[in-house]
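K.L.:
Sequence and computational prediction follow.
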Amino acid sequence: MIDTFQCLGRRLLASGFSTSFLNCSQSYVYYDLKDAQRAVKEMGERIAKDGLPMGLEPLVFAFTGTGNVTNGALEIFQLLPHKMITIEEAKDIKSKPGPHKCVYGVMVEQKDLVCKPGSSEPFNVKHYRENPSEYKSIFHSNVAPVCNVLINGIYWDERYPRVLSKQDMTDLYKDGQKNLFAVGDISCDVNGSVEFLEKTTTIDKPFFSWNPMTNEATDEITAEGVAVMGVDILPTELSVESSKHFGDALLPLLKKMILNRHDNDSDYLHLPAELSNSCIAQNGSLTPNFEYIRALMERTAKAVHHAIRDPHLLLRIQGHLFDSGLINQILDVIEGLDCHFEVEECNVTPSISGAARIKSTLMIRVFSDDDDTLDNALKKVTLLLDLIDSAEASMQHFDSRVQTSSDSKASTGKGKVSILGEKEKNVLVLGAGMVASSLAEYLGRSKHTTVTVASQYENDAMAVAHNATRGKAVCFDASRPGDKLRYLIEEADIVVSLLPAPMHPIVAQECIALKTDLVTASYESDEMRSLRESCEEAGITILNEVGLDPGMDHMSAMKIIDDVHERGGEITSFSSVCGGLPAPEAANNPLLYKFSWSPIGVIRASQNNAQFSRDGKVVKIDGSDLLASAEPFDAWKSLHLECLPNRDSLVYGDKYGIPSAGTIFRGTLRYNGFSALFHVLKKMGLFEQEETRASSWNEVLEEIRAKRGFEDLRSFIKYCSNGDKDLAARTSGALEWLQMKSDLPVSDPSSVVKSFCDVLEQNLQFAEGERDMVLMHHDIKASFSNGSAEHHTCQLQVFGDGKMTAMCKTVGYTAAIGTKLILDGDISDKGLLLPTSKSVYVPSLDLLSKEGLVFEEHVRHDNDLDEAV
């Protein structure tokens, strides 16, 4: 990406535009990545301050691919003042006059790249990947006309249509559409997806120009062509990071490699596991671990191609395939039966000396027109797995010959994939946010469960999936669910949605249509409740509110309430509070808060209307005044806490079966002083969705101050603090600490609150070694017909650790446990469920206690006897 900035700068200069991109050197010039990032940020600050030259159209960068290379390019791109937009929005902004003080990014999806001629059906990614020859490229007509820079990171081979062919570019130029200035082809496929990548380039000559009208490539960047960057050894330009990563891995092994003898074929076996397992050939011969390569070479020589619709078995085998020699024996069996095969996936993780052995994965399709031969192949491979204990292998298989109906869930084919005769379970996790890792870890403990994590960002999905024994990562943009959501749910036995709550009804509707159970950790909305009848008719379970709050609060409270009711008592007062906070030693900033979940979620929650009852009187608080209603909370006296009312507490009279209680209150905990400061920031306008013309935060504050009619920022802050000088000073100090009184660039000029959230997320993250903390406290009073009374308290305090945050533990484990109980049949009720019923909370609390999440309960009877329960 950094080299492409320089490439773009030269191309724009050839057209008469001098831009800041020229000042961005190639990556190798910088000492390290941090130095390079600093330079890009400085370039961005110049663009934000001075804008791009008048007469230059808004610059749109189009990104293809969803893998590591594209995500890396995006990471650098997003250091500039930028706005991510859709293709349709890109068409609209082209008419905007300059000077432009930001750049624009477009994520190009596969449906934007290709279409199936003559088909009116929605784009189907699965069908495209299986039948690429039936599709044609539409990038040249759909994206290229609005694109100025193409960052190409997409996988491509000869089966697929090109992103941009030479003829496409020639046609565009003939039509006068010469707006594509530069291409950064990170994939470096010569004459591949970008056909006019005529050659890979070098670090000393990184760019060339290709003229679509003459089909000629020259080293000189001119205004008559497209500037192309195709360096195929980009990691070497950041030599510090590349060298350190490789050196750290190699140095501990180097001495043993040098001192080891290499005379005999078996000498390599005396090397550490990292080296011996990586030794492909010794003295001119393949080592036993890699004998399978011979079969692959012979298969390639035969060049037999099979369509996926031909009769075949798909085998997915996981174990110590190489160390044990299992892979060689499997291929010998398949070849001995004269079957053809195609390797779909082969993931090999090297063994590390002294560390636990990690299993490899092989996915292979075995083809034969003879049914008996395929049956025999399956039996023999299964027998090998049983015989070779050292492989510790398991296998799933899919038989393409088994025809299934798509009319009902019972016949979708789930369950035909088996692991040594046991049914495999597939859990689909939508979202890879801050609490997903614990959920994947818990559900992924069983080798019989595959946890598929779907996220817009591949790196996030892979990081979460890595926590499961059998984890799988897929790219999925929840803002554009389409056919891919349906396909993912079809493959799942149960879905866990960790997406934003407004997305849940969309997911639920698909789950109902496909008769797949669903779990969420969010509050059950009216829209979700409207699906109750459809859910019951489909015969599925949708379990909502299984997280921390809501979730663990329901379970622990209902345990006490049900016990009181079963003994003939009545609840007279109910109060429940919860909060996710930094541990006291980590509350080291002006807001006394750090984020282990989305900042926008905290801001939205701080503006909800609230109502509760206290001593028989209903108290209503408007969302605009919520932050001003905080009161001290002293259950943990040393922590100096405050409490805010949490939404509508009155509904819990019916939900918990306590309608006659004089007090019903639910609240949110914060450190004392948070709410007052946050309220000032809100009154200043930082929670507003409105657009800003400013490019830096000091300009934003001045813009807002001027709109409100104040002469200076100091008087504006004092007014928003209701004249409280101490609070005004704290607010001013907080803005200073957040760098919002500086030239810090605004990340998204279209939204003040989104940009403010970016500032909060950047500055209020937990540092390495810092802990978060979760607090929950119930105060419940009960009376009985014999005149006696009880006062119950129940509390939970959980700290994060080096492995996961307290919020991740409490939300993720709770949702995972609800999911497991449904999967295992321990929750069999159908329809919309909440964890307020015994069938849910009793087994859930038991399993949570085994994860160390234990509530401390006390009851004080009317005779003041203090008894620990």
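P.N.:
Arrived safely.

K.L.:
Can you show me the helices along the stretch 151-300 of the chain?
P.N.:
Along the stretch 151-300 of the chain, counting by DSSP state H, counting those that start in this stretch, helices occupy 166-174, 239-259, 273-276, 292-302.

K.L.:
now the ones you listed as TSV including distance to residue 768 and mean neighbour count?
P.N.:
Quick note: C-beta positions are derived from backbone N, CA and C, even for glycine. Converted to TSV, the helices of the stretch 151-300 of the chain look like this (distance: least, C-beta to C-beta, whole Å; neighbours: other C-beta atoms under 10 Å):
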stretch	distance to residue 768	mean neighbour count
helix 166-174	48	17
helix 239-259	18	12
helix 273-276	27	18
helix 292-302	42	13
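
K.L.:
Least reliable of those helices by average pLDDT, please.
P.N.:
Per-stretch averages of pLDDT across these put helix 292-302 at the bottom, with a mean of 61.

K.L.:
Tell me the first helix or strand C-terminal of it.
P.N.:
Next in sequence after helix 292-302, counting helices and strands by DSSP states H and E, comes strand 312-319.

K.L.:
So for that following strand, mean pLDDT?
P.N.:
Averaging pLDDT along strand 312-319 gives 83.

K.L.:
confidence score at the spatially most central residue of the chain?
P.N.:
Centroid-nearest residue in the chain: residue 432, 3.2 Å away (criterion: C-alpha atoms, centre = their mean). Listed pLDDT for residue 432 reads 89.

K.L.:
ok so, going back, okay if I get the helices of the stretch 151-300 of the chain as CSV plus distance to residue 333?
P.N.:
Formatted as CSV, the helices of the stretch 151-300 of the chain follow (distance: least, C-beta to C-beta, whole Å):
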stretch, distance to residue 333
helix 166-174, 47
helix 239-259, 35
helix 273-276, 26
helix 292-302, 11
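
K.L.:
tell me which helix or strand of this protein sits lowest on mean pLDDT?
P.N.:
strand 418-419 (a mean of 36; mean pLDDT, DSSP states H and E).

K.L.:
Neighbours of residue 779, how many?
P.N.:
17 (other C-beta atoms under 10 Å).

K.L.:
Give me the phi and psi for it.
P.N.:
Dihedral pair for residue 779: phi -130, psi 110, per degrees, to the nearest 10.

K.L.:
ditto for the one 3 residues further on
P.N.:
Per-residue torsions, residue 782: phi -140, psi 150 (degrees, to the nearest 10).

K.L.:
how close does it sit to residue 793?
P.N.:
Going from residue 782 to residue 793 by C-beta to C-beta, to the nearest Å gives 12 Å.

K.L.:
Which one's more surrounded, these two?
P.N.:
Set side by side, residue 782 and residue 793 show more neighbours around residue 782, with 24 against 17, by other C-beta under 10 Å.

K.L.:
Stretch 327-341: how far from the chain's middle?
P.N.:
Centre-to-centre, stretch 327-341 and its host chain are 39 Å apart (C-alpha atoms, centre = their mean, to the nearest Å).

K.L.:
that older thread, using the three-state scheme, assign the residue nearest to the centre of the chain.
P.N.:
coil (DSSP: H, G, I helix; E, B strand; the rest coil).

K.L.:
a helix runs through residue 21, doesn't it?
P.N.:
Yes: the assignment for residue 21 is a helix, going by three-state DSSP.

K.L.:
which ones are touching the spatially closest residue to it that is not a sequence neighbour?
P.N.:
Using C-beta to C-beta, 6 or more residues apart in numbering and skipping the chain neighbours, the partner closest in space to residue 21 is residue 9 (3.2 Å). Applying C-beta atoms under 8 Å, 6 or more residues apart in numbering to residue 9 gives the contacts 19, 20, 21, 22, 23, 24.

K.L.:
Buried subset of those as a ChimeraX selection?
P.N.:
The buried subset of the contacts of residue 9, as determined by 16 or more other C-beta atoms under 10 Å, is captured in ChimeraX by this line:
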select :19,20,21,22,24
